[in-house]
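> here is a sequence together with a model predicted from it:
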Amino acid sequence: MTFTVRNGAALSEARHRAERFLTRLHRSHGIAVPPHAVEITQLVVSELVTNACKYAPGPVLVHLKVAEGTVQVTVRDTAPGLPKSLPADPGRVGRHGLEIVKALVQRFEIHPDATGKRITGHIAYP
């Protein structure tokens, strides 16, 4: 499933689309993604889309896929810079999204390209 997010106001819709995709997958293909993996998927979508909407000038493309026992969340944006993880700092307010995503996913990838970048998180489920 692929969809476009044009601004941060559509963030809740992105989370809902992720949940609906995984629910339909179960009904149409018999692939059951456990509720905790659905919740993690929604959180990863939320964090990656929030960052893309905050830092990228153009629309954000979200692609969801289930393959090899993982839910793959890919967010593509038009910002040329690559995200950076900040060192842990319990006193810092905000800017923990990338830390959260990296803690939740089994694999994390960043692929720069000519028009921006593509970030993918792989969420395992049994």
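Here it is on my side, so go on.

> Lys25: neighbouring residues, count only.
Quick fix: residue 25 is Leu, not Lys. Around Leu25 there are 18 other residues, counting by other CB atoms under 10 Å. For glycine as for every other residue, the C-beta is placed from the backbone atoms N, C-alpha and C.

> isn't it up against Ile31?
Yes: at 5.0 Å, Leu25 counts as touching Ile31 under the criterion of CB atoms under 8 Å.

> give the residues shared as contacts by these two.
The overlap between the contact sets of Leu25 and Ile31 (CB atoms under 8 Å, 6 or more residues apart in numbering) consists of Val66.

> and the gap between the nearest residue to Val5 once chain neighbours are set aside and Val105?
Closest residue in space to Val5, ignoring its immediate chain neighbours: Val60 at 4.4 Å, by CB to CB, 6 or more residues apart in numbering. According to CB to CB, to the nearest Å, Val60 stands 18 Å off from Val105.

> who has more neighbours, those two?
Shown here are Val60 and Val105; by other CB under 10 Å, Val60 has more neighbours (26 against 21).

> ok, the more buried one - contacts?
Val60 makes contact with Thr4, Val5, Arg6, Val49, Ala52, Cys53, Val75, Arg76, Asp77 under the criterion CB under 8 Å, 6+ apart.

> in ChimeraX, how would I select just the buried ones from those residues?
To isolate the buried ones among the contacts of Val60 in ChimeraX, judged by 16 or more other CB atoms under 10 Å, type:
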select :5,49,52,53,75,76,77
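
> can you lay out the contacts of Val60 as a markdown table showing distance to Ser85, pLDDT and secondary structure?
As requested, those are exported to a markdown table (distance: CB to CB, whole Å; pLDDT from 0 to 100; DSSP: H, G, I helix; E, B strand; the rest coil):
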| residue | distance to Ser85 | pLDDT | secondary structure |
| --- | --- | --- | --- |
| Thr4 | 27 | 88 | strand |
| Val5 | 23 | 86 | strand |
| Arg6 | 27 | 77 | coil |
| Val49 | 18 | 94 | helix |
| Ala52 | 16 | 91 | helix |
| Cys53 | 19 | 89 | helix |
| Val75 | 16 | 97 | strand |
| Arg76 | 20 | 96 | strand |
| Asp77 | 17 | 95 | strand |
